[in-house]
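Asker: I would like to see how this sequence folds:
(one chain, ligands or ions: 1)
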Amino acid sequence: MRIGILGTGALAAALATGWTRAGHDISIGGRSPERAEAAAKASGARSRPLREVAVGVDAVLLAVHWRGVADILRAAGAPTGSLAGKPLIDPTNAVEHGIGVPQPESGRAMAHHVAELAPGAHVVKAFHLFPSTRWTTPASSPVTVAMCGDDPRALDVVGSLARDVGGVPGVIGGLDRARQLEEVAGFVIALAFAGLDAQSAIPATGTPAPAQP
Ligand SMILES: NC(=O)c1ccc[n+]([C@@H]2O[C@H](COP(=O)([O-])OP(=O)(O)OC[C@H]3O[C@@H](n4cnc5c(N)ncnc54)[C@H](OP(=O)(O)O)[C@@H]3O)[C@@H](O)[C@H]2O)c1
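Answerer: This next block holds a predicted model:
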């Protein structure tokens with residue numbers, strides 16, 4: 001697949017590395033061309049100007065701080081339809097670090113704001129719960145990549161991209177479940193900052209994610 005990544009930080013570089021290793025063609029763009037070039041070089045991808053990142057790609061990853069989401073989507077042409085019809089992966093954690101309180105004041109999910117800012121895009125909330133290093137470091141067992149979205153094809157695309165970095169897609173429903181997924185991130189972050197492992201705070205249910213073929 002051809003994948004465009006908006007953002008040049010830790011998550012952008014980690015998923016670019018994982019997806020490049022899986023054979024995908026990755027373009028990275030950010031507000032700093034120098035940082036985009038550095039992230040691309042570090043991950044085996046290539047950098048592109050922001051306004052070109054979403055052109056001709058099969059999916060887009062929105063890997064910026066939540067406060068930068070509106071700016072970067074604007075620079076990538078989202079308000080005028082550059083992302084229409086494309087899967088748009090939203091991994092943003094709009095939570096207060098240290099205490100884990102969700103930030104968008106409307107009480108709505110960040111993913112819904114993203115959908116409004118990118119008309120026609122098929123937003124999928126995903127890749128927001130694990131640290132970026134999870135996608136570059138081989139793990140002993142696969143992890144479930146919880147996700148939600150309204151478009152079945154977009155969910156298939158993002159599920160396939162999750163498998164490519166050692167994950168197992170776990171679709172919990174439509175985008176109306178995004179706020180729930182975002183609250184989980186706040187819960188995990190709050191416990192982490194309290195020095196506790198979130199996995200020890202939830203009951204073990206179901207069976208472990210199956211190993212990848
Ligand atoms: N890192 C993780 O482990 C992880 C895991 C799950 C989810 N996430 C989420 O993924 C997103 C990226 O996280 P990260 O760790 O990669 O962050 P990061 O390393 O701090 O990088 C942040 C990115 O956001 C950009 N940015 C910040 N403000 C901006 C603005 N106003 N306009 C345009 N771009 C702006 C930065 O650009 P500049 O370099 O120009 O400042 C940079 O490209 C965040 O929403 C985070 O919550 C991260």
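
Asker: The longest helix along the chain vs the ligand: in contact?
Answerer: Looking across the chain with DSSP state H, the single longest helix is helix 178-193. No - with CB under 6 Å from any ligand atom as the criterion, the ligand is not reached by helix 178-193; the gap is at least 7.5 Å. For every residue, glycine as well, the C-beta is placed using N, CA and C.

Asker: Would you point out which residue is most central in this structure?
Answerer: residue 91 (3.0 Å; CA atoms, centre = their mean).

Asker: returning to that earlier point: for the longest helix of the chain, output the C-alpha coordinates as PDB.
Answerer: Taking Å, rounded to 0.1, in the frame of the first residue of the first chain, the C-alpha atoms of helix 178-193 are listed here in PDB:
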ATOM      1  CA  ALA A 178     -14.400   6.300  19.700                       C
ATOM      2  CA  ARG A 179     -14.900   8.200  22.900                       C
ATOM      3  CA  GLN A 180     -14.800   4.900  24.800                       C
ATOM      4  CA  LEU A 181     -11.500   4.000  23.200                       C
ATOM      5  CA  GLU A 182     -10.200   7.400  24.000                       C
ATOM      6  CA  GLU A 183     -11.300   7.100  27.600                       C
ATOM      7  CA  VAL A 184      -9.400   3.800  27.800                       C
ATOM      8  CA  ALA A 185      -6.200   5.700  26.800                       C
ATOM      9  CA  GLY A 186      -6.800   8.100  29.700                       C
ATOM     10  CA  PHE A 187      -7.300   5.200  32.100                       C
ATOM     11  CA  VAL A 188      -4.100   3.500  31.000                       C
ATOM     12  CA  ILE A 189      -2.100   6.800  31.100                       C
ATOM     13  CA  ALA A 190      -3.500   7.600  34.600                       C
ATOM     14  CA  LEU A 191      -2.500   4.200  36.000                       C
ATOM     15  CA  ALA A 192       0.900   4.400  34.300                       C
ATOM     16  CA  PHE A 193       1.700   7.700  35.900                       C
END
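
Asker: Next, the buried residues of it.
Answerer: Residues of helix 178-193 classed as buried: 178-179, 181-182, 184-191 (neighbour count, 16 or more other CB atoms under 10 Å).

Asker: what do you get for stretch 47-64?
Answerer: Neighbour counts over stretch 47-64 (16+ other CB under 10 Å) mark 47-48, 50, 52-54, 57, 59-64 as buried.

Asker: picking that back up, report all helices and strands that the longest helix of the chain contacts.
Answerer: Here helix 178-193 touches helix 110-117, strand 122-125, strand 143-149, going by 3 or more CB pairs under 8 Å, 6 or more residues apart in numbering; DSSP states H and E.

Asker: on that earlier part again, the buried residues of stretch 47-64 also near the ligand: which ones?
Answerer: Checking those against the ligand (CB under 6 Å from any ligand atom), the matches are 63-64.

Asker: how about the buried residues of stretch 47-64 in JSON lines, adding secondary structure and pLDDT?
Answerer: Formatted as JSON lines, the buried residues of stretch 47-64 follow (DSSP: H, G, I helix; E, B strand; the rest coil; pLDDT from 0 to 100):
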{"residue": "47", "secondary structure": "strand", "pLDDT": "98"}
{"residue": "48", "secondary structure": "coil", "pLDDT": "97"}
{"residue": "50", "secondary structure": "helix", "pLDDT": "96"}
{"residue": "52", "secondary structure": "helix", "pLDDT": "96"}
{"residue": "53", "secondary structure": "coil", "pLDDT": "97"}
{"residue": "54", "secondary structure": "coil", "pLDDT": "96"}
{"residue": "57", "secondary structure": "coil", "pLDDT": "98"}
{"residue": "59", "secondary structure": "strand", "pLDDT": "98"}
{"residue": "60", "secondary structure": "strand", "pLDDT": "98"}
{"residue": "61", "secondary structure": "strand", "pLDDT": "98"}
{"residue": "62", "secondary structure": "strand", "pLDDT": "98"}
{"residue": "63", "secondary structure": "coil", "pLDDT": "98"}
{"residue": "64", "secondary structure": "coil", "pLDDT": "98"}
